[in-house]
Every structure is written in structure tokens, then in C-alpha cells.
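A.B. asks: This is a predicted model, with the sequence first.
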Amino acid sequence: LAKTTQPISMDSYEGQEVNITCSHNNIATNDYITWYQQFPSQGPRFIIQGYKTKVTNEVASLFIPADRKSSTLSLPRVSLSDTAVYYCLVGVPPDNAGNMLTFGGGTRLMVKP
Amino acid sequence: NAGVTQTPKFRVLKTGQSMTLLCAQDMNHEYMYWYRQDPGMGLRLIHYSVGEGTTAKGEVPDGYNVSRLKKQNFLLGLESAAPSQTSVYFCASSYLAGRRGEQYFGPGTRLTVT
């Protein structure tokens, strides 16, 4: 299991770019890096996934250096509605071989007006 | 598509009582999962299933049992509830192809054991 380390919390202001870094030093060759967002009283929601280099979608960008030992989720021009907990997961989907993904504690992002 | 639905949304149990939480998905996903989330904490995997008729233990399986008799349903049972099982329970499902293992979550079941 590739264990991940993220900051417990971050503060930002509306309109700023927010970067959340996740460390995963023992990532395996087959592992993907996936980020989820969770609002209070809701289940997590998929944001973005990548394997290497850079991935961008309509919500965020994911930067992965060549050694893949860390990754950075970038949220452009955040708004109050981006206040949530963000989880970094590393691995492959659970299977009968015992592989499973762990969510960890996540990063609590607070966006202020 | 309703996505992933969970029944019930809220439940209060007394210590020692039993109950079953039902998860249903209409996306024809192979994989299904049960998580628990304690206040201020991340999600912890209880049990999961990689297909109809198969189940496997996650990180925190003790005190829970599961069954996957139909592909679209995944049941989580508490045989003898304890206060330590007070938590919010989330069900999720995923399909391996496409975005690898992207999980779709249900709205959660808030369980209190007194």
C-alpha cells in the first residue's frame, strides 16, 4: 500500500489558486493517483486522476513529477463553494489479491471571502 | 440513473441490536464498497466486493458482515451493535475500465448506537 501524506488544513481566499501537495514516497509502478472532494454530510466525489506528468480537466489540474513520489492538486481561482476536504489516494482498485485503496485524513480547505 | 442509493438515511440502535444497511447501484458496476467515517476523520474501508457472490475484508471489518447476492446490491450487517459503531456509513461502486477505479458514492447512512 502506498501511504500518502497531506497537510491537515489550508486556508485561502476567493479568486486565489490553491495547490495541495500529496507525498507518496513508495508508490508502485502500477499505481494511479486519484483525488476526491468531500463536502460536509456528503459522500466523496471524484475530481481528477493521473499517472504521470500533467492532467487537466474542467475542475482542476494534477501535476506529477517524473519520480511520481508526490503530486499536486491545483484548483484555479477558488470560490467559497470549494471549501471541502480533499483526499489523495494512490494505488489500484481493490481486488481479490488484497489490494485496496485508503483515503487517509485528507486536507481541509477553507476558502474565505 | 439514480446512481448509488443507500437505505436507511438515519438510524438509532440500542447496544446489542442488529440491522442491515442496503446499498443499491444502477450503473452495472462490478466493484462495491462499504466505508465508515467517524467525525473529523477520513473514510475507512470495512468490506468490499469485486463481483457478484464475492466479498473481501477491508481495513476495519470486525463487527460487520456483508453479502453481494445480486450485482446491483451490497448489504452491510451489524449483528450486535456497539457504541463504537456510531458513524456515518458510505457505500460506493466502481467500474474498472475508463478512469481506473473511480468510485461513485451514495449519500450516506448516519447510525447512532446508544
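C.D. replies: On my side now, so go ahead. Numbering: from 1, shown residues only, chains lettered A, B, ... in the order given.

A.B. asks: which stretches of chain A aren't confidently modelled?
C.D. replies: A:1-2, A:93-100 (pLDDT under 70).

A.B. asks: residues touching the residue in chain B positioned nearest to chain A, list them.
C.D. replies: For chain B and chain A, the shortest gap (C-beta to the nearest C-beta) falls at residue B:105, measuring 2.8 Å. In short, each C-beta sits where N, CA and C put it, glycine included. Residues near residue B:105 by C-beta atoms under 8 Å, 6 or more residues apart in numbering or on different chains: A:42, A:43, A:44, A:45, B:4, B:90, B:91, B:92.

A.B. asks: Strands of chain A, start to end?
C.D. replies: For chain A, applying DSSP state E gives strands covering A:9-13, A:18-23, A:32-38, A:45-50, A:53-56, A:61-64, A:70-75, A:84-91, A:107-112.

A.B. asks: nearest residue to the residue of chain B closest to chain A other than its sequence neighbours?
C.D. replies: Among residues not flanking residue B:105 along the chain, residue A:43 sits closest, at 2.8 Å (C-beta to C-beta, 6 or more residues apart in numbering or on different chains).

A.B. asks: Now for the one you found, how many residues are close by?
C.D. replies: Residue A:43 has 22 neighbouring residues, counting by other C-beta atoms under 10 Å in any protein chain shown.

A.B. asks: Kindly list the main-chain dihedrals of it?
C.D. replies: Torsion angles at residue A:43 (phi, psi; degrees, to the nearest 10) stand at phi -80, psi 160.

A.B. asks: Fine by me, thanks again.
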